[in-house]
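Asker: Fold the following, please.
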Amino acid sequence: MSNGGWLDLNLVVERVADVASRQLCIPRDEIDSTSRLVEDLQCDSLDLVELLIELEEEFLVTIPDRPESPVGKSIFTRRPFRICDLAELVYLQQGTGMPVRRGWRRQIIADETNATPFTQLSGRCREDLCSPKVPRFEPLGCVQGIQQYRRRSDGMRCAWIPAAEFTMGSDALDAQTDEQPVRQVALDAYLIDAEPVSTTAYCRFLNSVVATPANLGDWFLLDPADDRIAQMPILQREVGWSPVAGAETMPMVLVSWYGANAYSLWANGFSFADYRSEAGFLPSEAQWEHAATGAYATEDPPSLDASLVYGQHHRGAVYHAANMPMAPVHLSAGVSKFGLHHMAGNVWQWCRDWYAEDFYARAESGAVNPVNMVESGVRSERGGSWVGPLDLCRTSYRRGRSPDARGRCLGFRCVSPVAHLALH
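Answerer: Numbering: from 1, shown residues only. Take a look at the predicted model:
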């Protein structure tokens, strides 16, 4: 039923469920208004983008994705997000017409000759590297004014980020309310990975620990009926875990916050067993944002020789593990002033914090080395990815996902306290 061309909300709910059934290849009788997109329908960011595009065409509306639209951003932070919530969003956008978006649905050709040597290690971590007599880090010298180290457990290049006070958040016109108030944040010195963790390094972790099937299910294993299995970038052979051919230098994706945190503990010489706790070595939002300084550069209009990897998804594209349009972790793209790769674009990256829209307004956000430790149900992620538009790659842009979520454009990197440089 409609009123002057305005569709009734109940009708919108039914039609959204119809579109979701077609788009996600799920029987219509298995979808209702209360179906949760992530938990019940196993929808990740790529699925969601495809679904939103289909809904925009079905209803001739613009579903907001630009940062100035807090309504659109609720797609990523509302918990749980259900078919009825998505239908409400479509209902409210009636009359807006089809969108024209900057930096969306077009391919960027990455120059793979602009890469540093790939140093992340494969195989299995030797027991002698875990010996108290072996330092955890090996100095590599200064590169463009940034002191670098090599982590022995996985071969990762790490950059020393000096203690500093920096401006966190944004008051720009395209900033959202969760990026405010802008404030000065003090951080102690820390080490951070120069690039996202690769499939090769993640397989090294799996081959070096004794994990149970339950652990693996928490970290990355998918249900056999999940169609994202076709894009899983690692597989188990008789000799252990290894990357899918062609994906050896790609970021490890389809990994949950728990799987990322488990790796961060192992890489830093600790037991992975505490991966569900607040222990771990994923960067805080503050550490991540400071380290990402200089990685985001606006382009108007977007150019084909862009320095960021974003907007590469084309509607209806069929991907397998080796052809997802991501860039290798050692490709020099989205580089920050500290020489870190992919601090804007390529893959979203898990952070340590629980995501809270109002955290910047809380007193504890003004502490030295701030981290939101108050459970909210969603963990923070930063950086934008190859799937979405340029706007989501802004350094101060924030969003969160359930810690057990896993996506084809979601990876991670680790940090280490500088005190670890002295540990043997």
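Asker: Quick one: end-to-end distance for stretch 347-366.
Answerer: 28 Å (Cα to Cα, to the nearest Å).
Asker: Same question for it: list its buried residues.
Answerer: 347-357, 359-360, 365 (16 or more other Cβ atoms under 10 Å). C-beta coordinates here come from the backbone N, C-alpha and C atoms, glycine included.
Asker: now the helices for the stretch 51-200 of the chain?
Answerer: Ranges of helices within the stretch 51-200 of the chain are 70-77, 83-92, 199-208, based on DSSP state H, counting those that start in this stretch.
Asker: Go through those helices and find the least confident stretch.
Answerer: Per-stretch mean pLDDT for the helices of the stretch 51-200 of the chain is lowest at helix 70-77 (a mean of 59).
Asker: Look up which residues are beta-bridged to the residue nearest to the spatial centre of the chain.
Answerer: Central residue check for the chain by Cα atoms, centre = their mean: the C-alpha nearest the mean position is that of residue 348, 2.2 Å away. Counting by DSSP bridges, residue 348 is bridged to residue 410.
Asker: quick one: it and residue 45 touch, right?
Answerer: Yes - using Cβ atoms under 8 Å, residue 348 makes contact with residue 45 at a distance of 7.5 Å.
Asker: Quickly list what's touching both of these two.
Answerer: Residues touching both residue 348 and residue 45 by Cβ atoms under 8 Å, 6 or more residues apart in numbering: 385, 407, 409-410.
Asker: Would you map out the domains in the protein?
Answerer: Here the domain parsing of the chain from the TED database is 9-93, 127-200+234-421.
Asker: can you put those in JSON lines and add distance to residue 121?
Answerer: Below are those laid out as JSON lines (distance: least, Cβ to Cβ, whole Å):
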{"stretch": "domain 9-93", "distance to residue 121": "28"}
{"stretch": "domain 127-200+234-421", "distance to residue 121": "4"}
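Asker: State the helix or strand in which residue 14 lies.
Answerer: Using DSSP states H and E, residue 14 maps to helix 9-24.
Asker: Residue 153 - how many residues pack around it?
Answerer: 21 (other Cβ atoms under 10 Å).
Asker: swap in residue 255?
Answerer: Neighbours of residue 255 (other Cβ under 10 Å): 26.
Asker: Same check on the one 5 residues further on?
Answerer: Here the count is done by other Cβ under 10 Å, and residue 260 has 30 residues near it.
Asker: now whatever helix or strand it lives in and helix 199-208, what's the angle there?
Answerer: Residue 260 is part of helix 257-267, with elements assigned from DSSP H and E. Helix 257-267 and helix 199-208 are oriented at 70 degrees to each other (axes from the mean of the first three to the mean of the last three Cα atoms, to 10 degrees).
Asker: Give me the helices and strands touching helix 257-267, please.
Answerer: helix 199-208, helix 213-219, strand 348-354 (3 or more Cβ pairs under 8 Å, 6 or more residues apart in numbering; DSSP states H and E).
Asker: Can you dump the C-alpha atoms of it in PDB for me?
Answerer: Listed next in PDB are the C-alpha coordinates belonging to helix 257-267 (Å, rounded to 0.1, in the frame of the first residue of the first chain):
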ATOM      1  CA  TRP A 257      38.900 -10.000  15.900                       C
ATOM      2  CA  TYR A 258      39.600 -13.100  17.900                       C
ATOM      3  CA  GLY A 259      41.800 -14.600  15.100                       C
ATOM      4  CA  ALA A 260      43.700 -11.300  14.800                       C
ATOM      5  CA  ASN A 261      44.200 -11.000  18.600                       C
ATOM      6  CA  ALA A 262      45.400 -14.600  18.800                       C
ATOM      7  CA  TYR A 263      48.000 -13.900  16.200                       C
ATOM      8  CA  SER A 264      49.100 -10.700  17.900                       C
ATOM      9  CA  LEU A 265      49.700 -12.600  21.200                       C
ATOM     10  CA  TRP A 266      51.700 -15.300  19.400                       C
ATOM     11  CA  ALA A 267      53.800 -12.900  17.300                       C
END
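Asker: next one: it to chain centre, how far?
Answerer: Here helix 257-267 is found 14 Å from its chain centre; the criterion is Cα atoms, centre = their mean, to the nearest Å.
Asker: got the angle for that helix vs strand 348-354?
Answerer: Using the same axes, to 10 degrees: helix 257-267 against strand 348-354 is 90 degrees.
Asker: Just the residues contacting helix 257-267, thanks.
Answerer: Contacts of helix 257-267 (Cβ under 8 Å, 6+ apart): 151, 153-154, 156, 197, 202, 205, 208-209, 215, 218-220, 271-272, 274-276, 279-282, 350, 379, 401, 403-406, 411-412, 414-415.
Asker: could you flag which of those are buried?
Answerer: 151, 153-154, 156, 197, 202, 205, 208-209, 215, 218-220, 272, 275, 280-282, 350, 379, 401, 403, 405-406, 411-412, 414-415.
Asker: any idea which of the buried residues of stretch 347-366 is closest to residue 176?
Answerer: Closest approach to residue 176 among these (Cβ to Cβ): residue 357, at 8.6 Å.
Asker: what about residue 14, neighbour count?
Answerer: When neighbours are counted by other Cβ under 10 Å, residue 14 comes out with 15.
Asker: confidence score at it?
Answerer: Reported pLDDT for residue 14: 96.
Asker: With the one 3 residues further on instead?
Answerer: For residue 17, the model assigns a pLDDT of 96.
Asker: before we move on, what about residue 225?
Answerer: 86.
Asker: Tell me the spacing between it and residue 25.
Answerer: 11 Å (Cβ to Cβ, to the nearest Å).
Asker: I'd guessed residue 189 sits against residue 147; true?
Answerer: No - the criterion here is Cβ under 8 Å, and residue 189 misses it with residue 147 at 10.1 Å.
Asker: Please identify every residue contacting each of those two.
Answerer: residue 160.
Asker: ok, the two, which is more surrounded?
Answerer: A count of neighbours by other Cβ under 10 Å puts residue 147 above the other of residue 189 and residue 147, at 15 against 12.
Asker: now the more buried one, nearest residue through space, not along the chain?
Answerer: Once flanking residues are discounted, residue 147 sits nearest to residue 160: 4.1 Å by Cβ to Cβ, 6 or more residues apart in numbering.
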